[in-house]
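[1] Dropping a prediction and its sequence here:
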Amino acid sequence: MSARTAATEVARRLAEAGHTALFAGGCVRDGLLGKEPKDYDVATSATPAQVLRLFPGSNEVGAHFGVVIVKQDGVHIEVATFRTDGSYKDGRRPETVEFSTPPEDAQRRDFTVNGLFQNPVSGEIIDYVGGLADLKARTLRAIGTPGDRFGEDALRLLRAVRFATVLGFEIEPITWQAIRDHADDLAKISPERIRDEFSKLITAPNRRRGLELLVDSGLIRHIVPEVLALIGCDQPPQWHPEGDVYIHTSIMLEMLGTDASLELCLAVLLHDIAKPPTRTYDEAEDRIRFNGHDAMGAVMAEEILRRLKYPNHVIEAVVPMVARHMQFMNVQKMRTAKLKRFMASAEFEDELELHRVDCGSSNGFTDNYEYLLAKREEFSSQPLIPAPLVGGRDLIAMGFTPGPQFREWLEAVETEQLEGRITDREAALGLLRELTSKAKN
Ligand code: ATP
Ligand code: MG
């Protein structure tokens, strides 16, 4: 059962009981743009109590705000009573809400293209805010007076930039000016809510423009202010003809595929984040250097991602990518065992892509990338790290007591195995005896 069918069924049952029930917001917008809506929201004249009676077992998530989650055929549908929001005192949420009518409900929504309703049965669009014209013109415009609307709820500042990025819309000039004027209000919003919007922006195919909008509006000051130092951080022109670190990073974001993972997008954004604080000028060589920017970048990336409350699994993927990005320059010099271990990293596919766009946006070198593609092919018939031929048990059987030396010996055997010089257990045991003979004497 599709989400649309489930939502239509919910609306039909509300209508049958004598209520008005319309599709509202994002699902109407995305439907008109020919995109599959992520989820369906139903707006209704029924009160939360009436919705709960019609759909027993529903979740009263925000009954205070008139929102009930109805489960229909395994799909969650948000059913919200038409409402008018009361005054906003904290710049985040209304003090009170009052149940009202469709035109008033449209007025409390954020942007005109998000303020459309649709009759689920007839398909008719109900537009109280000029959303259809803006959708056609690909314009993002606040409903009502932009300054007031951003003053009520500062998350809308970031939502504006996110929608402009994801939808590829221009922000209407008065709305844009209000975003710039209110940018510092974003400080009132929790890191978790900022993170969720930021993640949608940075993974969108238009992410380069998204970053530029964050920088130009000033919103970046409350998300990743460290990015501002990349602007004007110049680099050796022989390696970076494209310009400063900000331009380099922006081009990389643009070069990534449309389906790049969140971890990869964040790693690209942060890979050179420590170039400004590590920048030195080498007099003797007459060139700029960024010694240790990879290691310091990993520390900074972790700090930034923790501040934004990213989950550990994201941090644990991004930080090593930043830490290791310079090692790609050495892959052709690595011995087979070292290279296989390098390629066995859980993030290797994303790292390879980061390396591709790192070179593509600067010197244009492709030799390390192509070398790795060839090696990946060459190694593809077997696991990069095969099952071990010997283990701690063998050492114990030889009369040794477990200790730090075990790892060293077993790693030495693994190295020979990865190099292809040892392929069977007999040979592995022989090498182990050889390695341990000194310790026994
Ligand atoms: P998507 O789900 O694709 O991110 P959406 O438009 O559905 O986009 P939601 O956050 O799901 O966005 O919100 C649903 C609708 O609720 C919006 O279309 C908008 O009409 C309204 N809305 C959401 N957040 C706000 C807000 N902070 N201020 C005013 N209206 C809002
Ligand atoms: Mg939605």
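    Received, thanks. Ligands and ions are numbered 1, 2, ... in the order given.

[2] what does the stretch 101-250 of the chain put close to ligand 1?
    109-110, 114-115, 153, 155-156 (CB under 6 Å from any ligand atom). Using the backbone N, CA and C atoms, a C-beta is placed for each residue, glycine as well.

[3] how about these, which pair is most distant?
    Gly115 and Leu155 (16.5 Å; CB to CB).

[4] Return the subset of the residues of the stretch 101-250 of the chain next to ligand 1 lying in helices.
    Applying DSSP state H to these, the entries found in helices are 155-156.

[5] Which members of the residues of the stretch 101-250 of the chain next to ligand 1 are classed as buried?
    With burial judged by 16 or more other CB atoms under 10 Å, the buried subset of those is 109-110, 114-115, 153, 155-156.

[6] and which of the residues you listed is nearest to Leu228?
    Checking those one by one against Leu228 (CB to CB), the nearest turns out to be Leu155, at 21.7 Å.

[7] Quick check, pLDDT for the residue in the chain positioned nearest to ligand 1.
    For the chain and ligand 1, the shortest gap (CB to the nearest ligand atom) falls at Gly26, measuring 2.1 Å. Note on Gly26: pLDDT of 97.

[8] Please report the distance of it from Pro236.
    46 Å (CB to CB, to the nearest Å).

[9] So for the two, which sits in the more crowded spot?
    Gly26 (18 against 14; other CB atoms under 10 Å).

[10] May I have the phi/psi pair for that one?
    phi -50, psi -40 (degrees, to the nearest 10).

[11] Would you check how far apart it and Phe99 are?
    22 Å.

[12] In the helix or strand hosting His182, which of the residues would be classed as buried?
    In this assignment (DSSP states H and E), His182 forms part of helix 173-182. Within helix 173-182, the residues that qualify as buried are 175-176, 178-179, 181-182, counting by 16+ other CB under 10 Å.

[13] any weak-confidence spans in the protein?
    For the chain, applying pLDDT under 70 flags the ranges 63, 440-441.

[14] make it 80
    1, 62-64, 439-441 (pLDDT under 80).

[15] mind giving me the domain ranges of it?
    1-130, 138-223, 225-378, 392-440 (automatic domain parsing).

[16] ok, for Asp73, nearest residue in space, not its chain neighbours?
    Closest residue to Asp73 apart from its sequence neighbours, by CB to CB, 6 or more residues apart in numbering: Met1 at 4.1 Å.

[17] Helices of the stretch 101-250 of the chain, start to end?
    102-107, 131-137, 146-152, 155-167, 173-182, 191-203, 207-217, 245-255 (DSSP state H, counting those that start in this stretch).

[18] From Ala133, how far off is the residue nearest to Glu353 when sequence neighbours are not counted?
    Nearest residue to Glu353, sequence neighbours excluded (CB to CB, 6+ apart): Leu264, at 6.0 Å. As judged by CB to CB, Leu264 and Ala133 stand 37 Å apart.

[19] Give me the more crowded residue out of those two.
    When Leu264 and Ala133 are compared for neighbours, Leu264 comes out ahead with 24 against 13, by other CB under 10 Å.

[20] Could you check how many residues crowd around Ala258?
    I think there's a mix-up here, since residue 258 is Thr and not Ala. 9.

[21] Ok, the one 5 residues further on next?
    Residues near Glu263, counting by other CB under 10 Å, number 21.

[22] check contacts around the residue of the chain closest to ligand 1.
    37-39, 41, 114 (CB atoms under 8 Å, 6 or more residues apart in numbering).

[23] Please check the residues you listed and keep the buried ones.
    37, 41, 114.

[24] Dump the residues you listed into a markdown table; add distance to Ile231 as well.
    Formatted as a markdown table, those follow (distance: CB to CB, whole Å):
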| residue | distance to Ile231 |
| --- | --- |
| Pro37 | 37 |
| Asp41 | 39 |
| Asn114 | 32 |
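
[25] Tell me which of these fall in strands.
    Asp41 (DSSP state E).

[26] Just name the closest of the buried ones among the contacts of Gly26 to Val319, please.
    So of these, ranked by how close each gets to Val319 (CB to CB), first place is Pro37, at 34.7 Å.

[27] residues touching the nearest residue to Ile251 once chain neighbours are set aside, list them.
    Computed as CB to CB, 6+ apart, the closest residue to Ile251 that is not its neighbour in sequence is Ser361, at 3.7 Å. Applying CB under 8 Å, 6+ apart, we find Ser361 in contact with 242, 248, 251-252, 255.

[28] By neighbours, which of those wins?
    Neighbour-wise, the contacts of Ser361 (other CB under 10 Å) top out at Met252, 26 neighbours.

[29] For it, which non-adjacent residue is spatially closest?
    Nearest one to Met252, counting by CB to CB, 6+ apart, is Val357 at 4.3 Å.

[30] Make sure the one you found is actually in contact with Leu256.
    Yes. Counting by CB atoms under 8 Å, Leu256 is a contact partner of Val357 at 6.0 Å.
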